[in-house]
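turn this into a model:
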Amino acid sequence: MSKRFLPLIILAIGIAGYVLLRMTRPEPAEVAATERSWRVTVQAVEPATHTPVLPLYGEVVAPESITVTAALEGRIEARPVVDGQRVQAGELLIALADADIQPKVAQAEAQVADLQAQLKSEEVRYQTDLKAVKSERAIRDNARRQFERTQSLLKRNLASQENLDTANDALARAELTVSAREQNIADHPARVLSLEARLAQAEANLATTRRDAERARMTAPFDGVVTDVQVAPGDQVSRNQVLLSLYPLDGLELRARVPARYLPELQRALGEGVPLTASSDSGHRFDLARFSGIADPAGTEAILTLDGEPRGLRPGELLPVNLQRPARDASVTIPFAALYGADSVYLVNDEDRMRRITVERIGEALSSNGDRWLLVAGEGLKPGARLVTTHLPNAITGLKVEPVDAAEGAEQ
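Down below sits the predicted model:
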């Protein structure tokens with residue numbers, strides 16, 4: 001019978017042990033609910049006057065570059081320069097062979113000499129005609145008197161009709177000779193004008209030929225760099241064929257497209273005489289001089305002149321620069337991570353809670369060591385306010401934070 005009740009006894013002992021353990025267990029400690037805080041870095045707001053910069057990407061151009069062309073056709077006799085060579089003003093660039101140039105000059109001089117001789121011949125002819133017309137008029141008068149006598153004799157039957165016809169022919173020939181001579185005399189001014197016009201044309205052609213002959217030896221008009229050499233000594237070239245190019249060492253410009261939203265303030269600054277400069281990472285400096293007269297939907301081209309030595313700059317080179325914009329008062333430089341959206345930042349209040357404010361995004365600014373910062377302004381950016389520089393994905397107004405100074409946070 002004891003074996004039959006043994007399981008029940010064991011079960012009762014187990015239940016009694018469970019009840020005993022439950023009654024003697026320690027009471028759990030009460031847990032108080034605490035609000036989580038986020039560790040963020042902050043910087044003190046210090047409004048001041050800052051100069052925003054506009055990153056631009058421009059092309060170096062040489063507006064004063066010249067293209068050397070062949071003034072006359074001929075053979076290249078000398079070309080002592082090569083592409084990329086620096087030359088001094090007055091240094092020979094290229095020369096055509098004299099054997100191809102001098103005959104053209106001689107031909108033009110011969111045309112002038114021939115027309116000058118024709119003018120002198122015309123003057124001699126005119127003087128001769130003036131003298132000859134007097135004699136021919138006297139001969140005509142004698143022929144007329146002879147005709148009248150013969151006609152009178154014929155009426156008295158003292159001369160024949162044949163004598164009258166002969167006298168009439170002699171008179172007609174004399175009148176014809178006088179008429180031709182007078183016509184030559186009358187045409188003298190017109191012939192002189194024609195010869196003088198042809199002479200003027202020949203002299204102009206001679207002057208052009210001599211000028212082109214002088215240009216057959218082209219020298220550098222300024223200190224510059226030779227580019228785009230297209231011929232070699234011995235080449236036969238035609239008139240106006242491009243031979244090479246030359247650009248000055250001074251006067252390089254940078255042309256970069258400026259977005260339309262920045263154009264009004266930059267033009268206003270130029271109109272007020274505010275100097276605006278741009279600098280590159282290579283150390284080159286440019287001054288904003290003017291804007292192109294033509295714009296497109298992407299913006300307007302700004303023209304910046306080089307300030308200082310080129311130091312390796314070449315036309316056609318693409319160069320990134322930072323253009324200074326007009327200075328802004330009461331502006332603050334902040335890290336890019338401090339901006340939320342397009343126009344918001346967070347401040348930390350006295351209770352260490354975040355508060356969202358709206359700011360104006362002015363642009364970028366450069367620190368003394370070349371780092372880029374975001375430049376903003378707004379009524380909520382009071383001096384001494386603590387600005388959150390850590391970007392939190394869950395940032396909202398009222399969020400509890402543990403502010404740490406930016407310098408201390410950087411060290412940690």
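
scan the chain for its longest strand.
The single longest strand within the chain, with elements called by DSSP state E, is strand 285-296.

how is the protein partitioned into domains?
According to automatic domain parsing, the chain comprises the domains 38-50+328-411, 54-63+251-324, 69-96+216-248, 100-213.

re earlier: the longest strand of the chain packs against which elements?
strand 253-258, helix 263-271, strand 277-280, strand 299-307 (3 or more Cβ pairs under 8 Å, 6 or more residues apart in numbering; DSSP states H and E). C-beta: built from backbone N, CA, C; applies to glycine.

relative to helix 263-271, how tilted is it?
Between strand 285-296 and helix 263-271, the angle comes out at 130 degrees (axes from the mean of the first three to the mean of the last three Cα atoms, to 10 degrees).

now strand 285-296: mean pLDDT?
The average pLDDT within strand 285-296 is 92.

report the buried residues of it.
Neighbour-count burial for strand 285-296 flags 286, 288, 291 (criterion: 16 or more other Cβ atoms under 10 Å).

partner strands of it, with direction?
Strand 285-296 has its sheet partners listed here by DSSP bridges as strand 277-280 (antiparallel), strand 299-307 (antiparallel).

C-alpha coordinates for it, CSV please?
Coordinates of each C-alpha in strand 285-296 appear next as CSV, following Å, rounded to 0.1, in the frame of the first residue of the first chain:
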residue,chain,number,x,y,z
ARG,A,285,45.2,84.7,-58.8
PHE,A,286,42.7,86.3,-61.1
ASP,A,287,40.6,89.5,-61.0
LEU,A,288,37.0,89.6,-62.1
ALA,A,289,37.0,92.1,-65.0
ARG,A,290,33.6,91.8,-66.7
PHE,A,291,30.9,89.4,-68.0
SER,A,292,30.3,88.2,-71.5
GLY,A,293,27.7,90.0,-73.5
ILE,A,294,25.8,86.8,-74.3
ALA,A,295,24.2,84.4,-71.8
ASP,A,296,22.5,81.0,-71.9
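
list the contacts of it.
253-255, 258, 260, 263, 266-267, 270, 275-280, 300-308, 321, 323 (Cβ atoms under 8 Å, 6 or more residues apart in numbering).

same question, stretch 153-165
Outside stretch 153-165, the residues that reach it (Cβ under 8 Å, 6+ apart) are 147, 150-151.

out of those, who's the most crowded?
residue 150 (23 neighbours; other Cβ atoms under 10 Å).

which strand or helix spans the closest residue to that residue other than its chain neighbours?
Leaving aside its sequence neighbours, residue 150 sits nearest to residue 167 (Cβ to Cβ, 6 or more residues apart in numbering; 4.2 Å). Of the helices and strands defined by DSSP states H and E, residue 167 is found in helix 161-186.

next one: that helix to chain centre, how far?
78 Å (Cα atoms, centre = their mean, to the nearest Å).

go on, stretch 248-262?
For stretch 248-262, the distance to the chain centre is 8 Å (Cα atoms, centre = their mean).

what pLDDT, on average, does that stretch get?
91.

now do the same end-to-end measure for it.
32 Å (Cα to Cα, to the nearest Å).

again with stretch 229-239
Stretch 229-239 end-to-end distance (Cα to Cα) = 17 Å.

quick one: low-confidence parts of this structure?
By pLDDT under 70, the low-scoring segments of the chain are 1-5, 27-34, 406-412.

of the contacts of strand 285-296, select the buried ones using a ChimeraX command.
To isolate the buried members of those in ChimeraX, using 16+ other Cβ under 10 Å:
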select :253,254,258,266,270,276,278,279,280,300,301,302,303,304,305,306,321,323
